[in-house]
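> Let's see this in three dimensions:
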Amino acid sequence: MKNGKLLFINLILCIFFLFSLTTAAAPGKDGVPVENGETEPEKMRVNLLEKALKPHDPLTTAKAWAEAVKTRNGAWQYALLSPELQKEYYDSLKEMNWITGVSSPWIDKYKVTERYRIDEELYRFAVEFTYTDSTKSNFTTKEYITVRKYEDAWLVTMIEKIEAEGEITKLPSGTGEKERKISIEDKRANGANKGYDKANVIIGNETKIYKGYTDQEHTADDLQEGERVEVAFTDDPRLMIYPVTARAKTIRRIKPGDAALVYENRQYKFALSLPETWQGYRLVTEEWEGLDPNGKTVETGPVIKIRHPEWTDDNPRQDIPIMVFTLAQWEKMQQEKFHIGAAPVGPKELGRNDKYVFALPARYNFAFPTGYEEVEEILENDPLEPLF
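Next up is the predicted model:
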């Protein structure tokens, strides 16, 4: 969904919400007042409008949520929440008069940077918000939202700001205590990208411990030394002496394969599953050229390169290059009406939808750069999924 459409929906919702505030206080002539002064027809009107705002695919939900947060529209955020979260957030949103966030600093922009597929009806997204203020200074935060399918709609079921990630180095002692503590450390060479690399994590009665990115709850006794966890802290005061000591809101026990990192291209409609080690990947877009027998360029199209997060100018790594052809272009190439490059063989088809063919360039790894074996292994597992 384009930002323009999101803004339009947001405007409509704002108008509707303001109108509701002026009409809900008095009972209507065609109904009996119900809770909060609304009549049954008024309540039905609200429910139908909220239903119309519910997205029908997970990525649209993630983008709509980010836009609703950016515009501080609590009514829109509420419409995107699961029934369980609506119960949890209703009172606080109402107290804020349905206006969330603060006037300064404000969110200047956002982007959905990562997508994880947990199963067919459960996805997890990373949303990066860039804040600014009157001094034009900037800082970013990252929020993780889990989106689940409810009948024909996709709704937000979990909102987390992961502030610490790493392996458990010290387990809690004793059992059944009111408050327990674990120590974690990120021992990866490239460091954690989700906050503190070391932390003392307090486990209280309200702390939720989950299996991976699911909503299956575990207990503190299930935690194991050496396993990887992701921690979202509460808003309670924390001890900032290094390493930080803070109370956990959620702890997620992460194991390899718990979720697939997915790059999704909505413009050309394809998705590509990636290993967890590619978290934080970048995109580079170039152009392929199709030459006729006389060497004249007769066709062009995009090459989307998915770049490993550890790629640097001094140590470039193997990209995953995806060439995009229209169906007509692919047919012309098969008929040898044009060729690409000097390789004796053409691109290798990876998949297609009703408009495009996705292909791997011939001899894409001829220089054998760092990481080419990993890319070969990724491509051997048919990671590309056409979208329709």
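> How many residues are close by Gln267?
The tally of other residues near Gln267 (other CB atoms under 10 Å) stands at 9. No exception for glycine: its C-beta is placed from N, CA and C like everyone else's.
> distance of it from Ala52?
26 Å (CB to CB, to the nearest Å).
> now do Arg307
Taken as CB to CB, the span from Arg307 to Ala52 is 39 Å.
> go on, Pro105?
Distance from Pro105 to Ala52, by CB to CB: 32 Å.
> More neighbours: which of these two?
Ranked by neighbour count (other CB under 10 Å), Pro105 and Ala52 place Pro105 first, with 16 against 11.
> Angles on the backbone of the more buried one, please.
phi -70, psi 160 (degrees, to the nearest 10).
> so who does it touch?
Tyr131, Thr132, Asp133, Phe139 (CB atoms under 8 Å, 6 or more residues apart in numbering).
> Mind picking the two most distant members of those residues?
Within those, two members stand farthest from each other by CB to CB: Asp133 and Phe139, at 9.5 Å.
> What are the boundaries of the helices in the stretch 1-150 of the chain?
3-23, 40-53, 58-70, 74-80, 83-95 (DSSP state H, counting those that start in this stretch).
> ok, Gln216 touching Tyr210?
Yes: using CB atoms under 8 Å, Gln216 makes contact with Tyr210 at a distance of 6.4 Å.
> ok, those two, which is more surrounded?
Ranked by neighbour count (other CB under 10 Å), Gln216 and Tyr210 place Tyr210 first, with 20 against 10.
> quick one, what contacts the more buried one?
Applying CB under 8 Å, 6+ apart, the residues near Tyr210 are Gln216, Glu217, His218, Thr250, Ile251, Arg252, Arg253.
> which residues does it form a beta bridge with?
Tyr210 has these beta-bridge partners by DSSP bridges: Glu217, Arg252.
> From Thr157, how far out is it?
Using CB to CB, we find Tyr210 at a distance of 11 Å from Thr157.
> same check, this time on Pro302
For Pro302 relative to Thr157 (CB to CB), the value is 35 Å.
> Tyr90 reaches Tyr78, doesn't it?
Yes: counting by CB under 8 Å, Tyr90 touches Tyr78, with 7.3 Å between them.
> Of these two, which one has the most company?
Comparing Tyr90 with Tyr78 by other CB under 10 Å, the one with more neighbours is Tyr78, at 20 against 12.
> Does that one touch Glu88 like I think?
No: counting by CB under 8 Å, Glu88 is not a contact partner of Tyr78; they are 10.8 Å apart.
> For the closest residue in space to Thr370 that isn't next to it in sequence, give me phi and psi.
In space, and not counting its chain neighbours, Thr370 is closest to Arg317: 4.8 Å by CB to CB, 6 or more residues apart in numbering. For Arg317, the backbone dihedrals (degrees, to the nearest 10) come out as phi -120, psi 170.
> ok, Arg317 - how many residues close by?
16.
> cool, and Pro321?
20.
> who's in contact with it?
Residues in contact with Pro321 (CB under 8 Å, 6+ apart) are Val303, Ile304, Lys305, Ile306, Leu360, Pro361, Tyr364.
> The first one should be in a helix, yeah?
So the one you mean is Val303. No: Val303: not assigned to a helix; according to DSSP: H, G, I helix; E, B strand; the rest coil it is strand.
> For Ile320, see how far away the nearest residue to it once chain neighbours are set aside is.
In space, and not counting its chain neighbours, Val303 is closest to Glu286: 4.5 Å by CB to CB, 6+ apart. Separation of Glu286 from Ile320 (CB to CB): 13 Å.
> Neighbour count: those two, which is higher?
Ile320 (23 against 11).
> Tell me which residues touch the more buried one, please.
Here Ile320 is in contact with Leu272, Leu274, Lys305, Ile306, Val375, Ile378, Leu379 (criterion: CB under 8 Å, 6+ apart).
> what does Asp108 give?
Thr130, Tyr131, Thr132, Asn138.
> For stretch 110-124, which outside residues touch it?
In contact with stretch 110-124 (CB under 8 Å, 6+ apart) are residues 58-59, 62-63, 66-67, 69-70, 125-130, 142, 144-149, 154, 212-214, 258-264, 273, 279-280.
> which of those count as buried?
In these, burial by neighbour count holds for 58-59, 62-63, 66-67, 69-70, 125-127, 129, 142, 144-149, 154, 212-214, 258-264, 273, counting by 16 or more other CB atoms under 10 Å.
> In strands, which of the residues you listed fall?
Among those, the residues falling in strands (DSSP state E) are 125-127, 129, 142, 144-149, 154, 260-264, 273.
> any common contacting residues for Glu286 and Ile320?
With contacts defined as CB under 8 Å, 6+ apart, the residues shared by Glu286 and Ile320 are Lys305.
> Dig out what the most centrally placed residue in the chain forms beta bridges with.
The residue lying closest to the centre of the chain (CA atoms, centre = their mean) is Phe125, at 1.8 Å. Beta bridges link Phe125 to Arg115, Ile145, judged by DSSP bridges.
> residues in contact with it?
Counting by CB under 8 Å, 6+ apart, Phe125 touches Pro58, Leu59, Ala62, Val112, Glu114, Arg115, Tyr116, Tyr144, Ile145, Val147.
> Around the fifth one, how many other residues sit close by?
Put plainly, it is Glu114. By other CB under 10 Å, the residues close to Glu114 number 19.
> Distance check, it against Tyr213.
When Glu114 is compared with Tyr213 (using CB to CB), they lie 12 Å apart.
> which stretch of helix or strand covers the residue nearest to Val303?
Applying DSSP states H and E as the criterion places Glu286 in strand 282-291.
> And Trp330, by the same measure?
Judged by DSSP H and E, Trp330 forms part of helix 327-334.
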